[in-house]
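# curious how this folds, go ahead:
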Amino acid sequence: MHEILLLCMGLILSVSFLVVVANKLKIAYPIFLVIAGLACSFIPGIPNIHIDPNLVFLVILPPVLYDAAQNTSWKALWKWRRIITVMALGYVLLTATAVAIVSHLLIPGFSLAQGFLLGAIISPPDAAAATSVLRFIKMPKGIVAILEGESLLNDASSLTIFRFALAAIISSNFEWYNAAGGFLVVTFSGIAIGLVLGLIFYAIYRWLPTNSNLDIAFSLVLPYIIYLIAEELHSSGVLAVVSGGLFISYRNHFVLTHSSRLKSNAVWPSLVFIINAVIFFLIGLQVTEIVAGLKNVALSEALKIALIITAVVIVIRLFAGLFSAWFTRFISQYITVAQSRPGWRNPLIVSWTGMRGVVSLASALSIPLLLNNQPFPHRNLILFITFVVIIVTLVGQGLTLPVIVRWLKPEPLSEDKTDDQQVLEIEIALLERAVEELGENYPLDLKNNVLLQNKLDLLKNKLKLYSESCYNEPQKKIVKKMTTRFQSIISAIIEQQRAELHQFRTKDKFDDDVIRLIENRLDLEEEGLQGEVD
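Model (predicted):
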């Protein structure tokens with residue numbers, strides 16, 4: 001037990017130092033950690049570390065997806081719903097089909113069902129990789145929203161295809177209409193389960209006497225509960241977690257206190273960072289075990305096959321992105337679209353951002369070892385191809401993406417307001433609301449309470465009041481009463497500002513991430529106010 005604990009602590013500490021180096025070099029940490037894991041795997045004496053797919057699907061995936069859903073904008077998802085749906089479903093299906101055909105023709109004895117299995121494994125880009133790479137690149141917010149929305153939803157479509165392809169191989173019986181019907185059932189039931197469980201937890205948050213610590217505890221177990229229940233009902237646990245997370249994210253302003261939100265914003269990013277950092281480092285360490293599994297195929301031949309399939313994956317995504325841009329321009333003549341003239345630069349950048357990662361490797365590792373008491377055909381080759389696709393797309397595309405962006409110069413979306421402009425307009429509205437609230441509802445307090453007469457003199461007045469009451473009990477009671485009333489009024493004003501802030505969620509020109517930024521400022525102001533009064 002002590003050895004396991006020390007190993008986990010050493011692993012977290014090691015990847016933390018590696019992330020520090022990655023930040024210093026301005027390289028996205030998933031890319032740097034995979035490279036570091038690859039380098040470490042060739043050091044003599046390094047033990048083989050096997051990634052259990054159940055660990056990824058059950059322990060790692062739910063919180064990572066839930067956190068991504070919490071930070072995803074409902075408004076952006078709806079605004080870019082068509083392209084996100086096409087990318088999360090259409091691109092995955094197209095990639096899986098192309099990989100199935102190419103691998104069937106390229107690998108002797110490789111069936112179409114096995115090809116679809118491989119295609120489902122390597123089709124979804126990784127959310128954590130895309131987000132971390134985009135952090136170092138200035139791109140239009142619309143592009144970032146599309147990529148984040150795709151990464152949030154494509155895991156569900158790829159894992160569903162994987163499930164049906166694996167079932168077809170095991171049963172040796174595939175009927176497309178049954179698979180299509182099953183796909184729809186799994187998809188809609190997963191969304192419904194997530195929404196129902198999200199509603200149940202919303203009721204718990206709203207009507208039961210919880211506090212910030214309990215709220216954090218509930219949020220930590222919620223993604224696991226949603227995932228397990230959905231999977232137990234033979235539905236999509238991924239879609240359930242995403243839909244439940246999106247629902248809770250949109251309603252948490254009404255049920256969580258400012259303290260709960262502040263603590264959640266401190267806990268969740270750190271937790272997800274540790275999970276992602278460790279798993280990307282472990283991906284790099286898998287190379288020796290995966291290569292050792294290639295017994296029936298020469299390494300050079302396996303590498304050639306893997307590189308060809310990787311090229312197919314990249315080219316198909318580039319083709320699909322440019323075709324989508326053309327189709328969007330064509331269809332905009334008949335229906336309203338978010339961006340009627342996307343051009344070619346932005347779609348090309350979106351298409352190049354297709355790094356594979358954790359879900360692909362976990363899916364490959366979850367392929368059964370045996371099929372009808374015989375070794376699963378081509379399992380080790382599928383694992384090797386998946387690993388090569390991850391390395392080439394994550395390292396190759398991830399490192400070259402900043403160069404591609406600087407070269408292509410993405411076109412700004414005309415309807416986007418800058419963050420500074422959005423912040424300025426919202427701040428003006430909130431200040432107007434605060435002045436109006438003070439003037440109309442607290443005239444006597446403005447006249448008699450020096451803490452409200454002028455906030456610029458707040459520190460001086462408090463110092464004077466506290467100094468005079470330090471050793472004077474009657475005066476101390478007076479100051480306590482004044483500061484308590486001050487806290488009550490300012491808290492009421494901040495609550496009115498929150499209500500005004502929420503109105504901007506219904507306005508198309510203001511982004512949810514900007515609104516969250518200002519909400520966080522209000523939370524910090526209220527938290528600091530309570531700390532001072534206490």
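
# spatially nearest residue to residue 366 (excluding sequence neighbours)?
residue 53 (3.7 Å; C-beta to C-beta, 6 or more residues apart in numbering). To be clear about C-beta, it is placed using only N, CA and C from the backbone, and glycine gets the same treatment.

# so which residue is smack in the middle of the protein?
By C-alpha atoms, centre = their mean, the chain has its centre lying nearest to residue 68, at 2.5 Å.

# so that one is in contact with residue 150, correct?
No: applying C-beta atoms under 8 Å, one finds residue 68 not in contact with residue 150, separated by 11.3 Å.

# re the thing from before, just checking, the residue nearest to residue 366 touches residue 360?
No: with contacts counted by C-beta under 8 Å, residue 53 stays clear of residue 360, the gap being 11.2 Å.

# please, which helix or strand holds residue 203?
helix 176-207 (DSSP states H and E).

# that helix - contacts with which helices or strands?
Judged by 3 or more C-beta pairs under 8 Å, 6 or more residues apart in numbering; DSSP states H and E, the packing partners of helix 176-207 are helix 141-171, helix 212-232, helix 237-255.

# buried residues in that helix?
Using 16 or more other C-beta atoms under 10 Å as the test for burial, helix 176-207 gives 179, 182-183, 186-187, 189-191, 193-195, 197-198, 201-202, 205.

# about what we covered before: now the helices and strands packed on helix 176-207 as TSV including distance to residue 115 and mean pLDDT?
Formatted as TSV, the helices and strands packed on helix 176-207 follow (distance: least, C-beta to C-beta, whole Å; pLDDT from 0 to 100):
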stretch	distance to residue 115	mean pLDDT
helix 141-171	9	80
helix 212-232	26	90
helix 237-255	23	84
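
# which one of those lies nearest to residue 299?
Closest to residue 299 of the helices and strands packed on helix 176-207 is helix 141-171 (C-beta to C-beta; 25.4 Å).

# and stretch 208-224, which residues are buried?
Those would be 210, 212, 215, 216, 218, 219, 222, 223, 224, for stretch 208-224 by 16+ other C-beta under 10 Å.

# thought the last one was touching residue 61?
It refers to residue 224. No: using C-beta under 8 Å, residue 224 is not in contact with residue 61, being 10.0 Å away.

# would you mind measuring from the residue nearest to the centre of the chain to residue 245?
From residue 68 across to residue 245, the span is 8 Å (C-beta to C-beta, to the nearest Å).

# what sits against residue 69?
Contact analysis of residue 69 by C-beta atoms under 8 Å, 6 or more residues apart in numbering lists 152, 241, 242, 243, 244, 245, 246, 249.

# check which helix or strand it maps to.
helix 61-70.

# using CSV, write out every CA atom in that helix.
Extracted C-alpha coordinates of helix 61-70, given in CSV (Å, rounded to 0.1, in the frame of the first residue of the first chain):
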residue,chain,number,x,y,z
LEU,A,61,-13.4,9.9,-18.4
PRO,A,62,-16.5,10.9,-16.3
PRO,A,63,-14.8,13.8,-14.3
VAL,A,64,-13.0,15.0,-17.4
LEU,A,65,-16.2,15.1,-19.5
TYR,A,66,-18.2,16.7,-16.7
ASP,A,67,-15.6,19.4,-16.2
ALA,A,68,-15.6,20.1,-20.0
ALA,A,69,-19.4,20.3,-20.0
GLN,A,70,-19.3,22.7,-17.0
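
# tell me the mean pLDDT over it?
The average pLDDT within helix 61-70 is 86.

# next, the angle helix 237-255 makes with it.
On the basis of axes from the mean of the first three to the mean of the last three C-alpha atoms, to 10 degrees, helix 61-70 is oriented at 50 degrees to helix 237-255.

# now helix 61-70, how far from the centre of its chain.
Centroid displacement of helix 61-70 relative to its chain, using C-alpha atoms, centre = their mean, to the nearest Å, is 6 Å.

# per-domain residue ranges of the chain.
2-408, 419-533 (automatic domain parsing).

# next one: the first one to chain centre, how far?
What that stands for is domain 2-408. Distance of domain 2-408 from its chain centroid, counting by C-alpha atoms, centre = their mean, is 10 Å.

# span of that domain from start to end?
End-to-end span of domain 2-408 (C-alpha to C-alpha, to the nearest Å): 52 Å.

# so which of the helices and strands packed on helix 176-207 comes closest to residue 400?
Of those, nearest to residue 400 by C-beta to C-beta is helix 141-171, at 16.0 Å.

# and that closest one, what's buried?
Neighbour count says helix 141-171 has 141-166, 168-169 buried, by 16+ other C-beta under 10 Å.

# same check on stretch 268-278?
Neighbour-count burial for stretch 268-278, counted by 16+ other C-beta under 10 Å, picks out 268, 272, 273, 275, 276, 277, 278.

# name the nearest residue to the first one, ignoring sequence neighbours.
The reference is to residue 268. residue 67 (5.3 Å).

# now for that neighbour, how many residues are close by?
24 (other C-beta atoms under 10 Å).

# surely it meets residue 265?
No: in this structure, residue 67 is not within contact of residue 265 by C-beta under 8 Å, at 10.8 Å.

# tell me the helices and strands packed up against the one helix or strand residue 321 maps to.
In this structure, residue 321 is located in helix 299-331 according to DSSP H and E. Other helices and strands packing on helix 299-331, by 3+ C-beta pairs under 8 Å, 6+ apart, are helix 81-85, helix 92-106, helix 112-122, helix 345-352, helix 379-391.

# in the first one, what's buried?
Under the neighbour-count criterion of 16+ other C-beta under 10 Å, helix 81-85 has 83, 84 buried.

# same thing with the fourth one?
Across helix 345-352, burial judged by 16+ other C-beta under 10 Å covers 345, 346, 347, 348, 349, 350, 351, 352.

# quick check: residue 283 touching residue 31?
No: using C-beta under 8 Å as the test, residue 283 is too far from residue 31 to be in contact (11.0 Å).

# count of neighbours near the residue lying closest to residue 166 once chain neighbours are set aside?
Counting by C-beta to C-beta, 6+ apart, the nearest residue to residue 166 once its immediate chain neighbours are dropped is residue 117, at 6.0 Å. A count of nearby residues for residue 117, using other C-beta under 10 Å, gives 28.

# measure residue 117 to residue 386 for me?
Distance, residue 117 to residue 386, by C-beta to C-beta: 11 Å.

# one more: residue 325?
Applying C-beta to C-beta to residue 325 and residue 386 gives a distance of 29 Å.

# next secondary structure element downstream of the helix holding residue 69?
helix 74-79.

# how about that next one as PDB, C-alpha atoms only?
Taking only C-alpha atoms (Å, rounded to 0.1, in the frame of the first residue of the first chain), the coordinates of helix 74-79 have been written out as PDB:
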ATOM      1  CA  TRP A  74     -24.800  26.500 -24.100                       C
ATOM      2  CA  LYS A  75     -25.100  29.600 -26.300                       C
ATOM      3  CA  ALA A  76     -22.000  28.600 -28.300                       C
ATOM      4  CA  LEU A  77     -23.200  25.000 -28.700                       C
ATOM      5  CA  TRP A  78     -26.600  26.300 -30.000                       C
ATOM      6  CA  LYS A  79     -25.100  28.900 -32.200                       C
END
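
# buried residues of it, list them for me.
For helix 74-79, the neighbour count (16+ other C-beta under 10 Å) marks 75, 76, 77, 79 as buried.

# for the second one, which non-adjacent residue is closest in space?
In space, residue 76 comes closest to residue 145 once its chain neighbours are excluded; the distance is 3.7 Å by C-beta to C-beta, 6+ apart.

# settle it for me: which of residue 53 and residue 360 has more neighbours?
Set side by side, residue 53 and residue 360 show more neighbours around residue 360, with 27 against 15, by other C-beta under 10 Å.

# name the element the more buried one belongs to?
helix 358-365.

# tell me what that helix is packed against?
For helix 358-365, the packing partners by 3+ C-beta pairs under 8 Å, 6+ apart come out as helix 53-54, helix 61-70, helix 112-122, helix 141-171, helix 258-285, helix 379-391.

# any idea which helix or strand comes after it?
Beyond helix 358-365 toward the C-terminal end (DSSP H and E), the next one is strand 370-371.
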